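Participant: generate a structure from the sequence data that follows.
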Amino acid sequence: MTHPSTFVAAAVQAAPVFLDLDATVDKAVGLIAEAAAHGASLIAFPETWIPTYPVWIFGAAGWGDRVAARVHARMHQNSMMIGSAPFQRLCDAAREARAVVVMGATEKLSPSAGSLYNSQFFIGDGGEFLGVHRKIMPTYTERNVWADGDGSTLNVFDSRVGRIGGLICWEHWMPLARFAMHAMHEAVHVAAWPDVSEMHQLASRHYA
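Facilitator: Below you'll find the predicted structure:
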């Protein structure tokens with residue numbers, strides 16, 4: 001595959017539709033089309049954009065356990081499954097936009113699966129599913145929400161924009177995770193974060 005020497009990348013900074021899988025996918029489809037209309041060949045979304053980043057686990061919402069449990073159940077119901085109809089809509093949007101899409105999502109492996117994963121989905125510009133990366137070790141309180149990933153999803157994929165990979169949040173501080181990506185000759189990196197802080201920018205610059 002021939003890769004361009006330059007291309008336009010879009011880093012989406014928009015809120016999802018809170019804990020609503022279908023409505024958030026609707027919004028994603030629109031944002032993908034909008035970014036492609038402005039010339040983007042790569043469109044990247046934040047950490048667990050679908051269906052939201054669970055900031056309440058850090059006590060930010062001031063909720064008690066009962067409310068948090070109900071919200072977690074809703075998040076589970078609205079998590080993404082590879083191969084599902086909402087997932088296919090993302091693939092179709094990437095194909096129509098002729099753009100590589102990297103989507104951050106909370107993933108479940110089946111409707112009845114108890115474990116959730118903090119994942120990045122990589123979709124090619126032809127709508128083909130390239131692969132998934134699951135966060136190896138959720139950070140701090142995140143372990144109440146997401147199961148551990150493993151090294152099998154540290155991958156780099158050939159795409160229209162080059163050999164592309166990604167890491168999620170605090171994985172950018174993990175020397176062996178970084179080394180694995182570099183050893184696979186990653187050329188384009190999507191650093192997924194739930195928000196922007198000086199520490200996050202420092203980690204991204206350090207990775208680059």
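
Participant: nearest residue to Lys108 in space, please, no chain neighbours.
Facilitator: Distances taken as CB to CB, 6 or more residues apart in numbering place Ser79 nearest to Lys108, at 4.4 Å, with adjacent residues excluded. All C-beta atoms are positioned from the backbone trio N, CA, C, and that covers glycine.

Participant: name the SS class of Leu130, please.
Facilitator: Here Leu130 is recorded as strand under DSSP: H, G, I helix; E, B strand; the rest coil.

Participant: do you know how far it is from Pro111?
Facilitator: 24 Å (CB to CB, to the nearest Å).

Participant: top helix in this protein by residue count?
Facilitator: helix 21-37 (DSSP state H).

Participant: against Phe121, how distant is the nearest residue to Val25 once chain neighbours are set aside?
Facilitator: Nearest in space to Val25, with sequence neighbours left out and distances taken as CB to CB, 6+ apart, is Pro86 at 4.6 Å. The gap separating Pro86 from Phe121 is 11 Å, by CB to CB.

Participant: buried ones in the helix or strand hosting Gln201?
Facilitator: Per DSSP states H and E: Gln201 is located in helix 198-207. The neighbour-count check on helix 198-207 (16 or more other CB atoms under 10 Å) flags 200, 203, 207 as buried.

Participant: for these, could you give me TSV that also reports distance to Met174?
Facilitator: Shown next, in TSV, are the buried residues of helix 198-207 (distance: CB to CB, whole Å):
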residue	distance to Met174
His200	15
Ala203	10
Tyr207	10
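
Participant: between those residues, which is closest to Asp150?
Facilitator: Taking CB to CB as the measure, Asp150 lies nearest Tyr207 of the buried residues of helix 198-207, at 20.4 Å.

Participant: which residues touch the closest residue to that closest one other than its chain neighbours?
Facilitator: Counting by CB to CB, 6+ apart, Tyr207 lies nearest to His172, which is 5.0 Å off, once chain neighbours are set aside. His172 makes contact with 178, 191, 203-204, 206-207 under the criterion CB atoms under 8 Å, 6 or more residues apart in numbering.
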